[in-house]
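*Asks:* What would the 3D arrangement of this be:
(chains A, B and C)
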Amino acid sequence: MKTLDELLHEHEFFKDFKPEYLELMAGCATNVIFEAGQYIFREGQEANVFYVIRHGHVALEIHDPRRGPITIETLQEDDVLGWSWLFAPYQWHFDAKAVKLTRAVAMDGKCLRMKCENDHTLGYLMMQRFNTVLADRLQQTRLQVLKLYD
Amino acid sequence: MINLTKTPLMTQKQLANPMQPEPFRVKRVMKESYDTFTLELEPIASERLFTFVPGQFNMLYIFGVGEIPVSISGDPNQPAMLVHTTRIVGSVTKAMSKLKAGDVLGVRGPFGTGWPVSDAEGCDVILVAGGIGLAPLRPVLYQTLAHRDRYGKIVLLYGTRSPEDILFRKELEKWRARFDLEIFVTVDYGDSDWHGNVGVVTKLIPKAPFDALNAVAMVCGPEVMMRFTAIELQKRGVRGDGIALSMERNMKCAIGLCGHCQFGPTFICKDGPVFTYPQLQSWLAQWEV
Amino acid sequence: MTLNISSNTKYVLESADFQQLIDVLVDMGYRVIGPTLDHNAVTYDDITSVTDLPIGWTDEQNAATYRLISRADEAFFGYVIAPQSWKKFLYPSQVRLWQATLANGSFEVAPEPEKSQPMAFIGVRACELHAIAIQDKIFLEGDYVDPTYHANRENLFMVAVNCGQAGGTCFCTSVNTGPKVETGYDLALTEVIDPETHYFVVEIGTERGRQVVEQLSVRAADKREAKLPKSITDQTATQMKRYLNTDGIKELLYANFENARWDDIAQRCLACTNCTMVCPTCFCTTVEDMTDLTGQQAERTRKWDSCFTMDFSYIHGGSVRYTSKSRYRQWMTHKLATWIDQFGTLGCVGCGRCITWCPAGIDITAELEAIRQTKGTAEAKKEVSNENVG
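*Replies:* Now for the predicted structure:
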């Protein structure tokens, strides 16, 4: 059995994190498993967590009354799910569904926010990592909305 | 490390009568999606074989309607059958979509450069296709799978508009069952029946299983997609000169004499359609070239 | 005609005997084409007689200006160049490529027969010889040979004529294509005219040319006469008013793909396609497919096309070059830069036709110079931001 900080260390998101920070992170972490079809979170719910996906397949969906759920993006191994925990009002914007059995590490957002508040070096590091994820997603979304294949 | 710019891309022999269409008979028309279809054509003369290299295109002529360039999507090892896959975008493709078995259409070709299939021997082969861009890459899959032992990993990354737009669906399923070929498909818009990836095709690149330092990438799709794909491949560690792209422009003659397909110092029809990335890089980001 | 004609000697043909040249060429089976007057312009067309030539006329050419003016003398070749180049004979503006007929559920394609009568051009200028050499490179020396051009070019007999005066839009000296004819001719003539005499100094370029001269009433040129082709064209060179600075021209244009000057030109350019139609090296074409009313018979016609039209770069979804700015840039960058990469020469021979026939008077030499004098927008922006920092 691997310890939580070992699991985190293996994840792309925490690549090159210093051991003491990984340990700090592990203090806010829990191992989680989602069954295929299970919703991880729902739009509007309180967002106090983010997930580093270790294995599986997660669909971010938005529900349209006429068309049903529409998948906006899918996430896999080594991806990070959720950033609403970072910004007020800490509410999920989309639905997240495990498409197949998904193993992840859940990171307690409240706990992390506090740690970042107390240690701005850590806070900067986290912001840097999340901004990279956000920038990638934004760029991909921009390409997606171009309807390139029409 | 592979460097495609060192060797000129493959081309076929020149044609004796390059402006004159040769009649071919339609053997089968297959609907791929609501706006794409595949034509299987046979030469009228039964002994005639149509040889080409993957990546080349033909000019297809509908009697009295007009002529357009269409890439060849069939198997280069089956020269008795000529296969084209295209999308309905104008009057000629519309007329083409209405052809039935037994009808005749004109063929000029093959024209242009091919994919660096032989340069890729000994390397991992990464095919990145966007939309109808899978059609000109399919012959590469036929060719590399026919000589599977000559290549490292073979990976197809394919992005399309929606699950309904996926080309060659049955064949992809069949290929996906093989252990020596990896296929990843992603769509821009997925409905609740779609359990695959959603997102742009470039997103598949960081995680695709290949050795970037020993890979040849062949990319075909809309120009914007190819530009971003080349950037993403390079981020992953693929060298710029290990990337080949296939370009599209207006074409009338297909032999470099009508000027329509000029792109910077090249004519797409005869210097391309397949180019190495460094050949085009400085022109790709320019407007209205 | 007892003279033993040698290729290394220059000869004199009296203007009174000029008809012999036309007659000899006709007798040899050539379709003889030379300058003549049509619609108040010098035009290259079929000629049978010396009287067909534009005797006593010259052309005044300037940006967006062309008019015929009567000369004080009776010179045969006293004009500069015709609006349309010889391209219209070698690569005609409209050619049927083939006809097809529906039969037995298929169709049969019948290629057009190649024309057999060889042509003789009389009055080809130095810049025009260079233009033909450039088109030879495109149509004969590339991966594919164009059959129409090949058929017309093969056995072509060229009688070049040295320029006795420079036109208002000429700049051949700066692109090294004239005014003296150097190569590529069968015969080269220099017209010498003054109140007392009117004759042509004849230089022989080929064996075919020598055989033609054998049949003419010529005499060997004396020392003074033999020097006239050079001295007359030297004099012409001094009259050249325009200059195209070719120094680092390819790199200059590649580096200035973004330059405010293109926007400035776009304000004036009407995208009328005139420059491409009169250019002796422009080679773009399109094809048209047609059927007859019964739908049984189809044909394909090839026509001159121009990169100035919207349709030219159309791919499904729209035109790639959707502004006239990009279309002018494409044309000029092709002529003066990408052409070098493609064919190893400039695509411009300095004939000045594009300047004369531009209704807006856009001058390629002046536009190039303007680009040379300005900096690309990228560089300009950098300067601005540096100023802000300072």
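
*Asks:* I'd like to know which elements the least confident helix or strand in chain A by mean pLDDT is packed against.
*Replies:* Here the helix or strand of chain A ranked lowest by mean pLDDT, DSSP states H and E is helix A:4-10, holding a mean of 87. The helices and strands touching helix A:4-10, judged by 3 or more C-beta pairs under 8 Å, 6 or more residues apart in numbering or on different chains; DSSP states H and E, are helix A:19-26, strand A:29-34, strand A:49-64, strand A:95-108. Bear in mind the C-beta positions are built from the backbone N, C-alpha and C, glycine included.

*Asks:* Flag every buried residue along that helix.
*Replies:* Across helix A:4-10, burial judged by 16 or more other C-beta atoms under 10 Å in any protein chain shown covers A:Leu4, A:Asp5, A:Leu7, A:Leu8, A:His9.

*Asks:* so which of the helices and strands packed on helix A:4-10 gets nearest chain C?
*Replies:* For those, the distance to chain C is smallest for strand A:49-64, at 28.0 Å, taking C-beta to the nearest C-beta.

*Asks:* Any chance of CSV for the buried residues of helix A:4-10, columns distance to B:Ala285?
*Replies:* Putting these into CSV (distance: C-beta to C-beta, whole Å) gives the following:
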residue, distance to B:Ala285
A:Leu4, 45
A:Asp5, 44
A:Leu7, 42
A:Leu8, 39
A:His9, 39
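
*Asks:* Could you check how many residues crowd around the nearest residue to B:Gly130 once chain neighbours are set aside?
*Replies:* Distances taken as C-beta to C-beta, 6 or more residues apart in numbering or on different chains place B:Gly221 nearest to B:Gly130, at 2.4 Å, with adjacent residues excluded. Counted with other C-beta atoms under 10 Å in any protein chain shown, residues neighbouring B:Gly221 total 27.

*Asks:* quick one: contacts for B:Gly221?
*Replies:* Contacts for B:Gly221 (C-beta atoms under 8 Å, 6 or more residues apart in numbering or on different chains) come out as A:Leu148, A:Tyr149, B:Val128, B:Ala129, B:Gly130, B:Gly131, B:Gly133, B:Gly159, B:Val201, B:Thr229.

*Asks:* ok, 10 Å please
*Replies:* Neighbouring residues of B:Gly221 by C-beta atoms under 10 Å, 6 or more residues apart in numbering or on different chains: A:148-149, B:128-134, B:136-137, B:158-160, B:201, B:228-229, B:245-246, B:248.

*Asks:* In chain C, what residue comes closest to chain A?
*Replies:* Here the residue of chain C nearest chain A is C:Gly317; by C-beta to the nearest C-beta that distance is 8.2 Å.

*Asks:* separation between that residue and C:Asn245?
*Replies:* Between C:Gly317 and C:Asn245 the distance, using C-beta to C-beta, to the nearest Å, works out to 39 Å.

*Asks:* and if you look at C:Gln211?
*Replies:* Taking C-beta to C-beta, one finds C:Gln211 at 43 Å from C:Asn245.

*Asks:* ditto for C:Phe343
*Replies:* From C:Phe343 across to C:Asn245, the span is 21 Å (C-beta to C-beta).

*Asks:* next one: A:Lys147
*Replies:* Distance from A:Lys147 to C:Asn245, by C-beta to C-beta: 46 Å.

*Asks:* now do C:Gly361
*Replies:* 20 Å.

*Asks:* more crowded one of these two?
*Replies:* Per other C-beta under 10 Å, whichever of C:Gly361 and C:Asn245 has more neighbours is C:Gly361, with 15 against 12.

*Asks:* can I assume the more buried one is in contact with C:Asn62?
*Replies:* Yes - if you go by C-beta atoms under 10 Å, C:Gly361 and C:Asn62 touch, sitting 8.1 Å apart.

*Asks:* who touches both of these two?
*Replies:* Residues touching both C:Gly361 and C:Asn62 by C-beta under 10 Å, 6+ apart: C:Thr169, C:Ile355.

*Asks:* if we can go back for a sec, got the phi/psi numbers for the residue nearest to B:Gly130?
*Replies:* In terms of degrees, to the nearest 10, the main-chain angles of B:Gly221 are phi 170, psi -170.

*Asks:* Need the pLDDT of it.
*Replies:* With respect to pLDDT, B:Gly221 scores 96.

*Asks:* sorry, back to before: put together a markdown table for the helices and strands packed on helix A:4-10, with mean neighbour count on each row.
*Replies:* Formatted as a markdown table, the helices and strands packed on helix A:4-10 follow (neighbours: other C-beta atoms under 10 Å in any protein chain shown):
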| stretch | mean neighbour count |
| --- | --- |
| helix A:19-26 | 16 |
| strand A:29-34 | 16 |
| strand A:49-64 | 20 |
| strand A:95-108 | 20 |
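
*Asks:* right, and the ones you listed - which one's nearest chain B?
*Replies:* Nearest of the helices and strands packed on helix A:4-10 (C-beta to the nearest C-beta): strand A:95-108, 5.2 Å.

*Asks:* gap between that closest one and the chain center?
*Replies:* Chain-centre distance of strand A:95-108: 9 Å, with C-alpha atoms, centre = their mean, to the nearest Å.

*Asks:* Report the angle between it and helix A:19-26.
*Replies:* 120 degrees (axes from the mean of the first three to the mean of the last three C-alpha atoms, to 10 degrees).

*Asks:* Residues in contact with the helix or strand following strand A:95-108: which ones?
*Replies:* Next along the chain after strand A:95-108, taking DSSP states H and E as the criterion, comes helix A:109-118. By C-beta under 10 Å, 6+ apart, the list of residues contacting helix A:109-118 from outside reads A:21, A:24-25, A:27-29, A:46-50, A:82-86, A:90, A:108, A:122-127.
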